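Novice: Could you look at this predicted model? Sequence included:
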Amino acid sequence: MVNNIPRALLLILTFSVHFFYAQNETPEKKTQIGFAQLDFLSINMPDANEANMDFTGIHYNAMLNDWAYAGLGFYGAVGGIRGGFFTLGLNLGVKKEIYNNLFVDTGLHFGGGGGASAPDGGGAFILPHLNLGYDFKYFSISAGWSYINFFDKGTINSNQLYVSAQIPLSFDYTHFKKRQKEFNIDNLKNTKWNTKSHRISAMVHLNNLSVKGDSKFFDGTPINGRTIRLAGFEFSSFINKDWFYFIKADGAYSGIPAGYMDIFIGGGYHLSMNKNRTNIQAKFGIGAGGGGGVDTKGGFLVYPDLSIEQKVFDNMYASINKGFLMSPDSHFLSSTLGFGLKYYVEKDGILTKSKNSNKAILKGVETILKQDWYLDASRNGGFEQDMHQISLQINVLLNKYIYGAGQTSFANFGDAGAYAEGIVGLGVQSNTFLKDKISVFAQLLGGAAGGGGISTGEGLIVKPSFGINFKITNTLNLRGGIGYVKARGGSLSSVFGNFGLSYNLSFLTAK
């Protein structure tokens, strides 16, 4: 028996060492090469007496290999008379160098959307392009031909010049399955993660537009004195300690008929004080807005804003902002007052400006592109008709099972081209089972929706659903679900189903 003791000790020691290294296994660091893009086209409208609709887009595309890319993009009207015309779609393309930084870029954008009483039909459209460009290393520009066709009973059909600017924008990640694993920063110092971190923030907010001046509805009725209540989301990425860029989107849920939304991009300056517990931010954004009958002319808007933030706990801050949202000539003018909750993250590296960070954690993120099918969607004319929409949802895992979700959707079939949603909420999902292939989820989302003749009252909806994920690769899932959507103040009350793809990653963040 005495001879068995060393063997037992050796077995225990071997198991302990294996367990220790398994618990501190370094997550594999991968890099996704990609680029952000701004583009512009001026569309000939079907009515010869109508001015062109100037259309601008913001996209993110990930390189699938050395020459092919895929991504997502939003478009909004910024010139003409169709302010409030918005779309969402999928990009597929080829970008290939042909000679000394000269490249060809060709691809197809398929999406859905519409608005501003435009002849958009159900909202589905295609936008192929063929461009020649030059890469200046830190950015590239290209120009060429494009064609747009709202093919589901729409009459917008045009060939036009297409110009774009692209900025390299890559990110680091690891497997989604490793989400919520914690690591001591000392154990990561001799790994590829020993780099400077990149600060980002995400905020959900409520914004109130107090309409002023000569602002009107399209029918000439004054809006002066009304308050348009919006709900939305804002994402910021820091260039250095003080300067950042942002993108924000809002949709109206009260104050006017449903359908108003806006999207902005811009930059700002960040000042911290009170031992980083209080922040002041000055921002300026440009973008597109309209809908809900609001006359924003072509849709181009500017957004100066000043906000103050106070730390609540950990990296969470309460925010209050004050500013203006207006067209440059004050054709539409409003002052803004907003309230939000903002969460800051140091990601992609362990070298942070904070001296208190001694641990890192992997945070899971899911990006979901799907197609929704609303059965018998109630219309303002007192009838019902099926409606389809393309939908983008982003989930951020708060722990291993619970996630916060943001979703935006645009109609693409079913004679409701101007219909759009912007909703947020919470969900829960299981571990994988059945040979690590299947997981299930349930979620409750709510927010702003309207347009396209869908009966949503002033725009507030709730949308519970549940469904299943089927694993294809470590980063891709098939996703399907069923649910129910109900409008407060409108007669929309429909069962819906959806099906799509989920792109799943984990990001290393300082804790």
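Specialist: On my side now, so go ahead. Numbers count the residues shown, from 1 in each chain.

Novice: what bits of the protein have low per-residue confidence?
Specialist: 1-24, 353-357 (pLDDT under 70).

Novice: if we go to 50?
Specialist: Along the chain, segments meeting pLDDT under 50 span 1-2, 5, 9-23.

Novice: Helices of that one, residue ranges please.
Specialist: All helices of the chain, identified by DSSP state H, fall at 4-23.

Novice: buried set for stretch 77-93?
Specialist: Of all the residues in stretch 77-93, those buried under the rule 16 or more other Cβ atoms under 10 Å are 77-91, 93. All C-beta atoms are positioned from the backbone trio N, CA, C, and that covers glycine.

Novice: again, but for stretch 461-481
Specialist: Within stretch 461-481, the residues scored as buried using 16+ other Cβ under 10 Å are 461, 463, 465, 467-469, 471, 475, 477, 479, 481.

Novice: Among the residues you listed, find me the one that's closest to Met316.
Specialist: When those are compared for distance to Met316 (Cβ to Cβ), Lys463 comes out closest, at 25.3 Å.

Novice: Would you mind giving the buried residues of stretch 461-481 as CSV with distance to Pro304 added?
Specialist: Shown next, in CSV, are the buried residues of stretch 461-481 (distance: Cβ to Cβ, whole Å):
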residue, distance to Pro304
Ile461, 31
Lys463, 33
Ser465, 38
Gly467, 42
Ile468, 46
Asn469, 42
Lys471, 46
Thr475, 39
Asn477, 41
Arg479, 39
Gly481, 40
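
Novice: that older thread, name the pair among the buried residues of stretch 77-93 with the greatest separation in space.
Specialist: By the measure Cβ to Cβ, Ile81 and Gly93 form the most distant pair in these, at 30.8 Å.

Novice: Check the gap between the nearest residue to Val424 once chain neighbours are set aside and Gln385 for me.
Specialist: Leaving out its chain neighbours, the residue that sits closest to Val424 by Cβ to Cβ, 6 or more residues apart in numbering is Gly406, at 5.0 Å. Gly406 is 28 Å from Gln385, where distance means Cβ to Cβ, to the nearest Å.

Novice: Beta-bridge partners for Leu397, please?
Specialist: Here Leu397 shows beta-bridge partners Tyr403, assigned using DSSP bridges.

Novice: With Met203 instead?
Specialist: Using DSSP bridges, the bridge partners assigned to Met203 are Glu234, Lys342.

Novice: Check the burial of it by counting its neighbours.
Specialist: Residues within reach of Met203, counting by other Cβ atoms under 10 Å, total 22.

Novice: List the residues that contact it.
Specialist: Met203 makes contacts with 233-236, 319, 340-343, as judged by Cβ atoms under 8 Å, 6 or more residues apart in numbering.

Novice: List buried residues within these.
Specialist: Buried by 16+ other Cβ under 10 Å: 233-234, 236, 319, 340, 342-343, out of these.

Novice: Please convert these to CSV, extending it with distance to Ile454.
Specialist: Below are the buried ones among the contacts of Met203 laid out as CSV (distance: Cβ to Cβ, whole Å):
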residue, distance to Ile454
Phe233, 22
Glu234, 26
Ser236, 32
Ser319, 32
Gly340, 28
Lys342, 32
Tyr343, 32
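
Novice: Name the pair among the residues you listed with the greatest separation in space.
Specialist: Spatial extent of the buried ones among the contacts of Met203 (Cβ to Cβ) is set by the pair Phe233 and Ser319 at 12.8 Å.

Novice: any shared contact partners between the two?
Specialist: Joint contacts of Phe233 and Ser319 (Cβ under 8 Å, 6+ apart) are 203, 205.

Novice: okay, Gly406 and Gln385: which has more neighbours?
Specialist: Applying other Cβ under 10 Å to Gly406 and Gln385 shows that Gly406 carries more neighbours, namely 21 against 16.

Novice: Would you agree Ser319 is in contact with Tyr343?
Specialist: No: look at Ser319 against Tyr343 with Cβ atoms under 8 Å: they stay out of range, at 10.7 Å.

Novice: what's the closest of the buried residues of stretch 461-481 to Asn184?
Specialist: Nearest to Asn184 among those is Thr475, at 26.6 Å by Cβ to Cβ.

Novice: list the contacts for that closest one?
Specialist: So Thr475 contacts 175-176, 503-505 (Cβ under 8 Å, 6+ apart).

Novice: Closest one of those residues to Ala124?
Specialist: Distance to Ala124 across the contacts of Thr475 (Cβ to Cβ) is lowest for Tyr503, with 22.6 Å.

Novice: what's around the closest residue to that closest one other than its chain neighbours, how many residues?
Specialist: Once flanking residues are discounted, Tyr503 sits nearest to Thr367: 4.6 Å by Cβ to Cβ, 6+ apart. As a burial measure, Thr367 scores 16 neighbours (other Cβ under 10 Å).

Novice: measure Thr367 to Gly480 for me?
Specialist: For Thr367, the distance to Gly480 equals 16 Å [Cβ to Cβ].

Novice: Name the single longest strand found in this structure.
Specialist: Counting residues, the longest strand in the chain under DSSP state E turns out to be strand 359-378.

Novice: Show me what that strand is packed up against.
Specialist: strand 182-184, strand 384-397, strand 402-413, strand 476-488, strand 493-510 (3 or more Cβ pairs under 8 Å, 6 or more residues apart in numbering; DSSP states H and E).

Novice: Using neighbour counts, pick out the buried residues of the longest one.
Specialist: Residues of strand 493-510 classed as buried: 494, 496-498, 500, 502-510 (neighbour count, 16+ other Cβ under 10 Å).

Novice: What of the second one?
Specialist: Residues of strand 384-397 classed as buried: 384-385, 387-397 (neighbour count, 16+ other Cβ under 10 Å).

Novice: can you pull the contacts of Ile81?
Specialist: 50-51, 53, 116, 297-298.

Novice: Mark which of those residues are buried, thanks.
Specialist: Here, 16+ other Cβ under 10 Å leaves 53, 116, 297-298 buried among the contacts of Ile81.

Novice: farthest-separated two in these?
Specialist: Using Cβ to Cβ, the pair of the buried ones among the contacts of Ile81 lying farthest apart is Met53 and Lys297, separated by 11.6 Å.

Novice: Distance check, Arg199 against Met273.
Specialist: Taken as Cβ to Cβ, the span from Arg199 to Met273 is 17 Å.

Novice: Repeat that for Arg179.
Specialist: Using Cβ to Cβ, one gets 34 Å for the distance from Arg179 to Met273.

Novice: Quick one: closest of the helices and strands packed on strand 359-378 to Tyr147.
Specialist: strand 402-413 (17.8 Å).
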